[in-house]
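J.: what follows is a predicted structure for the sequence shown.
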Amino acid sequence: MLKLLGAILLLSAALVTSNPTKIARRSIDLKDALSHMNDFYLPRAVIPSSYRLKLIPNVDEDQFKGQVWINVTCMEATDTIVLHAHEDLNISHSTISVKQISADGEARVSEAVMKIKNTSPSIREISVSGTKKDIAKQWYIIMLAESLKKNTIYEVQLNFLGQLNDERNEGFFRGYYVDSKTQQKKWYAGTQMRSTNARRVFPCFDEPALKATFDISVGAKRKYHVWSNMPIKDTEEMPEDSAWLWHHFQTTPVMSTFSAGVFVSDFHYATFTGDSFQEGYLRVSARPEFLGQLEAAEKVLSESLTFMQNILDVPYPLMKLDLVAIPDNQTYFPDDLWGLLIYKESDLMGESSLWYIAHDVAAQWIGHLTTTYWWSDSLINVAITQYLTKEFVKQRVNTYSPADHALLYAFSQPDPYSNKAVKQERSDVERVCWLLKMLNFTLSDETFKRGMHRFLDDRKYKTFHYEDLWDSLTIQGRNDETLPEDIKVSDIAKSWISKERYPFITVTRDYEKNTAQVKQQMFLRERPHDVLDMDMVWYIPLMYITPDSLNASVARPKAWMKNQKQVTIQNLPDQDQFVIFNPEETGMFLVNYDEKNWELITQYLKDSLQGKKPTVPALTRGKVLHDAWNLAFGGELSFATALNVSEFLKYETDDVVWDHMYTMYDHVGRYLDGTSVGKKFKDFMIQLINEAIINLDKSKPSEELLITKLQRRREHIEPPIYNEQEHALYKEWTETQDPHKICDYTSGPPNEMAPICQAFEQGSMEEYEAGLQHTINMMKKVPGGECQIVVKMLTGCPKQPEKIERLLNAIFIEGNPAFTDRSIEITIIQSTSNHVGWSTLFRFLENNWDIVKSRLENKPDLWTAMVWDAVIRLITQEGYDMALDLYTAHKGQFGVAEPTIEKALKKIKAESEWTEVTLPVMEQWLDKHLGYHENSDETTEKQ
């Protein structure tokens, strides 16, 4: 039951495209950055060298005002100064001044000038003849009465007013919390400068490459504290109002405008020092009631700072790092400013805080200390910080993220981006993360660290492109002799990040000569295998472990496939010893072997897990299992071999390895659902789990925990009987009258909704009807009519076709208005989760063609989804015939879905040919190993 509900929740996450995984929000926000790829570059006639910025936010109201003095260097003669200013920023045109502050042609300000506080002595005033705005480009253009002189420094002064944003975290925003003692609103204000929001706060040169120093001063009432990028230098009373103070901060290093930031509130704070940060300070701040809950965040902040300093071998460049938690009632996405991290309180609770904080700490180096030149380069920035974060999380919790495989599964489909947008952005980042992981292994950990240090040392306080990183790693690899002279990292990188596919290699050993022939080709897991560029090739490192050398961390490439289809490896071990290539998933490729090597691996894994031989590391055991099943799924390996390999799980003690099998059971099981082979495959999994439980040692805490997890997984596969307790919980749920308790559930522990799913699956038709009507009533009361998780369960949990047909009748025949387009989409998609769902959906469309088409013909996306999902799981020959009959009966009536049904038929035909080969092989193996005898009554039920 929990397996079914977990799958529903997983699909739920996949459907929510408006809020992708949060990790892509850090560094330069990926989605936002890509939207700015076509921004216009500012003219380079003048460029900034320093800002002196004064801001006075009236936190209790909704306004702010400020002044900025920008020192600019004239690079070529010009009579205009062009900078950025958002149209909502009100600039006082009459008070703009431009002064020359260096001698003609002398692009530096004298030492005497720099020592004078809050002023730059004017050599002479430059008359401003006018100003204008280019709204489309968000440019503010200052026109001058004379041309500026090349290689001369000028000071531009502007006064401005703006509104504090109560609705969105763009520019200068504000929010509030309610004091628990006085019940009064307490206001706070802060800045969110990414990606191009600095121009909403003050006129500036708002491009990543136009770095400058900042002297920031903030005026605030005495009751408020003020945070910025640097420590406070001093405070002083405002001459015009003694109730206000000026907070003057130390000068920043050169940085991009999006790195600047301030925060104003009455929050309390706690200051501490990190293990490797003795000269500065770390600080966490929050409303008084929440501050005590930041102990875990404080620890992660310190540990991640130490980790990043060590792995990059570059000291943290500032004197302090602040973490601020704001209440959840603010519509705010976390932001990493340089030296100032701002989060919602909920982001700092639970395991997610580990990722968020570590990612933003990594961005202090990769994103602020060095910055991508333009938004289009932001993918590498995000990828590096994400990779560093994964390394920190892996070290801290001693595991790795199984989500890495999502990219493998996406790229092995005939169409990697059937639904583009966010998916493609995320996959581009993940691709670079995989590449960095591979480079770390192949160059060696030490060389990779030195290369990263070389890169940062060269590009600190500057900008960078992809090539800067690849060049640094190439130089370091050659210096350390870990990279062949005829290979450049840029060539390796290009071969991986330019492709939306990934390869597998086949290692065929010659046991007499101790050699192996290695071939590479594109891997496609799903059918049809008729995509373009099947002959594409990659730079692939060929490294392996053997029984005599099991430590993958010291393995080095024996050879490289340099965009070659085939190479020969020499000096392999003796014929009684296995080889495992790509240990611990060093690179993003699968590995197939000749039959004998598979047998050697399988037997060794069994023996080693029984204590007879040294153990293969868990990550590599999982990788072998993962490769075998995916290769079999893709038709590159017999399922008999994959099943043979799986038998070592009887002795497996690490849950990470079991995760691979559980995933593949889910993937393959969906294809087999509704067939006699599917039932036998389920029996095999239960038997495998039962034998593993018997072999585990309850006296060892780790194995006792694994026993508990395996027992739960067994219940996922074979749910317990629906009992009176679940019935009572379900009845209580159907009587709940608060629609938000019913419909606001979008995530969380599956246990909370398990009784509802169980009732939909095993309960009577009357119970299902009660749940359906209750959901309809609740959807009518919820704004937008969304009740997504319950609609998913109404479709995905039942195992009786009459229940799903009842839901489809309510939507299409009765036309119940409670079901929104989104609810209909969810119902259609969720129907593909099991055999009952998709077979019922197909029959419903077949029997009610005119009604369904009439309902959806003006909704092309829904109609296309209905046609595709109604037929796409009919993967046997009989299923293909059914889909073809539907197409023939209604040819010319599919409208916008005509190409969809034709594409589906092509895929179903290929899948039916796959099942003709696969099902008999699996059934024969399962019959033999489960002790079944051939039963003529067992026939394929699946259509």
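T.: Okay, I see it. Bear in mind that the values here come from a model prediction, so they are computed numbers and not experimental data.
J.: what are the structural domain limits within the chain?
T.: What automatic domain parsing lists as the domains of the chain is 2-11+718-930, 41-265, 503-717.
J.: and Ser495, which of those domains is closest to it?
T.: With C-beta to C-beta, the closest approach to Ser495 among these belongs to domain 503-717: 4.5 Å. The way it works is simple: take the backbone N, C-alpha and C, and place the C-beta from them, glycine included.
J.: pLDDT (mean, whole number) over that closest one?
T.: Averaging pLDDT along domain 503-717 gives 95.
J.: stretch 174-194 now?
T.: Averaged over stretch 174-194, pLDDT sits at 92.
J.: can I get that stretch in CSV, CA atoms only?
T.: Taking Å, rounded to 0.1, in the frame of the first residue of the first chain, the C-alpha atoms of stretch 174-194 are listed here in CSV:
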residue,chain,number,x,y,z
ARG,A,174,9.3,43.9,3.4
GLY,A,175,7.3,41.5,5.6
TYR,A,176,6.2,41.1,9.1
TYR,A,177,5.7,38.7,11.9
VAL,A,178,3.2,38.9,14.9
ASP,A,179,4.8,39.3,18.3
SER,A,180,3.5,36.4,20.4
LYS,A,181,3.4,38.6,23.5
THR,A,182,1.9,41.8,22.3
GLN,A,183,0.1,40.5,19.1
GLN,A,184,1.5,43.4,17.3
LYS,A,185,2.9,43.3,13.8
LYS,A,186,6.7,43.6,13.6
TRP,A,187,8.1,44.7,10.3
TYR,A,188,11.4,43.8,8.6
ALA,A,189,12.8,44.7,5.2
GLY,A,190,15.5,43.1,3.0
THR,A,191,16.9,43.0,-0.5
GLN,A,192,16.7,40.3,-3.2
MET,A,193,19.1,41.4,-5.9
ARG,A,194,19.1,38.3,-8.2
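J.: which parts of it are buried?
T.: The neighbour-count check on stretch 174-194 (16 or more other C-beta atoms under 10 Å) flags 174-177, 186-194 as buried.
J.: cool, and stretch 80-96?
T.: Buried, per 16+ other C-beta under 10 Å, within stretch 80-96: 80-86, 89, 91, 96.
J.: quick one: which of these is nearest Val782?
T.: Once C-beta to C-beta is applied, the member of the buried residues of stretch 80-96 that ends up nearest Val782 is His86, at 36.0 Å.
J.: tally of neighbours for the residue nearest to the closest one when sequence neighbours are not counted?
T.: Closest residue to His86 apart from its sequence neighbours, by C-beta to C-beta, 6 or more residues apart in numbering: Arg200 at 4.4 Å. Neighbour count for Arg200, taken as other C-beta atoms under 10 Å: 24.
J.: list the contacts for Arg200?
T.: 86, 88-89, 162, 170-172 (C-beta atoms under 8 Å, 6 or more residues apart in numbering).
J.: how about 10 Å then?
T.: 84-89, 138, 162-163, 165, 170-173, 191-193, 206 (C-beta atoms under 10 Å, 6 or more residues apart in numbering).
J.: repeat for Ile693
T.: Listed by C-beta under 10 Å, 6+ apart, the contact partners of Ile693 are 650, 703, 706-708, 710-711, 714.
J.: would you turn those residues into CSV with neighbour count and distance to Arg501?
T.: Supplementary listing: the contacts of Ile693 in CSV, determined by neighbours: other C-beta atoms under 10 Å; distance: C-beta to C-beta, whole Å:
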residue, neighbour count, distance to Arg501
Lys650, 18, 35
Glu703, 17, 40
Leu706, 20, 36
Ile707, 17, 40
Thr708, 11, 40
Leu710, 21, 35
Gln711, 12, 39
Arg714, 18, 37
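J.: ok, those residues vs Leu808, which is closest?
T.: Closest to Leu808, out of all of these and judged by C-beta to C-beta, is Arg714, at 32.3 Å.
J.: so how far is Ala692 from that closest one?
T.: Distance, Arg714 to Ala692, using C-beta to C-beta, to the nearest Å: 10 Å.
J.: columns secondary structure and distance to Ala810 on top of the contacts of Ile693, output as a markdown table?
T.: Formatted as a markdown table, those follow (DSSP: H, G, I helix; E, B strand; the rest coil; distance: C-beta to C-beta, whole Å):
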| residue | secondary structure | distance to Ala810 |
| --- | --- | --- |
| Lys650 | helix | 47 |
| Glu703 | helix | 48 |
| Leu706 | helix | 44 |
| Ile707 | helix | 43 |
| Thr708 | helix | 40 |
| Leu710 | helix | 39 |
| Gln711 | helix | 37 |
| Arg714 | helix | 35 |
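J.: the residues you listed: which two are farthest apart?
T.: Checking these with C-beta to C-beta, the most distant pair is Lys650 and Thr708, at 17.9 Å.
J.: ok, the contacts of Ile693 vs Asp445, which is closest?
T.: The closest of the contacts of Ile693, once distances to Asp445 are taken by C-beta to C-beta, is Leu706, at 29.7 Å.
J.: that closest one contacts Leu696, correct?
T.: Yes: contact status for Leu706 versus Leu696: in contact at 6.1 Å, counting by C-beta atoms under 10 Å.
J.: closest to Asp134 out of the buried residues of stretch 80-96?
T.: Nearest to Asp134 among the buried residues of stretch 80-96: Val82, at 8.5 Å, using C-beta to C-beta.
J.: next up, the contacts around the closest one.
T.: Contact analysis of Val82 by C-beta under 10 Å, 6+ apart lists 40, 42-46, 134, 137, 139-143, 205.
J.: between those residues, which sits nearest Gln309?
T.: Using C-beta to C-beta, Phe205 comes nearest to Gln309 of the contacts of Val82, at 30.6 Å.
J.: who's the closest residue to that closest one other than its chain neighbours bridged to?
T.: Spatial nearest neighbour of Phe205, excluding adjacent residues (C-beta to C-beta, 6+ apart): Pro48 at 4.8 Å. Per DSSP bridges, residues listed as beta-bridge partners of Pro48: Val72.
J.: next up, the contacts around Pro48.
T.: 70-73, 83, 156, 204-205, 207, 210-213, 254, 257.
J.: from these, which ones fall inside helices?
T.: Among those, none falls in helices (DSSP state H).
J.: which residues of the stretch 351-500 of the chain fall in helices?
T.: 352-362, 378-397, 405-411, 422-443, 445-459, 466-479, 489-497 (DSSP state H, counting those that start in this stretch).
J.: which of the domains of the chain sits closest to Leu305?
T.: With C-beta to C-beta as the measure, domain 41-265 is the member of these nearest Leu305 (15.8 Å).
J.: where exactly do the helices run in the stretch 151-300 of the chain?
T.: For the stretch 151-300 of the chain, helices defined by DSSP H, counting those that start in this stretch occupy the ranges 288-291, 295-312.
J.: deepest in the core, which of those helices is it.
T.: helix 295-312 (a mean of 19; mean count of other C-beta atoms under 10 Å).
J.: what's the first helix or strand after that helix?
T.: strand 320-326 (DSSP states H and E).
J.: in its sheet, what does that following strand sit against?
T.: In the sheet, strand 320-326 lines up against strand 277-286 (parallel), strand 340-344 (parallel) (DSSP bridges).
J.: and stretch 453-462, what's buried?
T.: Result for stretch 453-462 [16+ other C-beta under 10 Å]: buried residues 453-456, 459.
J.: where's the residue nearest to Trp244 when sequence neighbours are not counted relative to Lys54, distance?
T.: Of all residues not flanking Trp244 in the chain, Met238 sits nearest, at 4.2 Å (C-beta to C-beta, 6+ apart). Distance, Met238 to Lys54, by C-beta to C-beta: 11 Å.
J.: can you pick out the residue with more neighbours from these two?
T.: The neighbour comparison of Met238 against Lys54 (other C-beta under 10 Å) goes to Lys54, with 19 against 15.
J.: which residues touch the more buried one?
T.: Lys54 touches 65-69, 118, 159, 202, 215-219, 246, 248, counting by C-beta under 10 Å, 6+ apart.
J.: in those, which residue is surrounded by the most others?
T.: Of the contacts of Lys54, Phe202 is surrounded by the most neighbours, 30 neighbours in total, counting by other C-beta under 10 Å.
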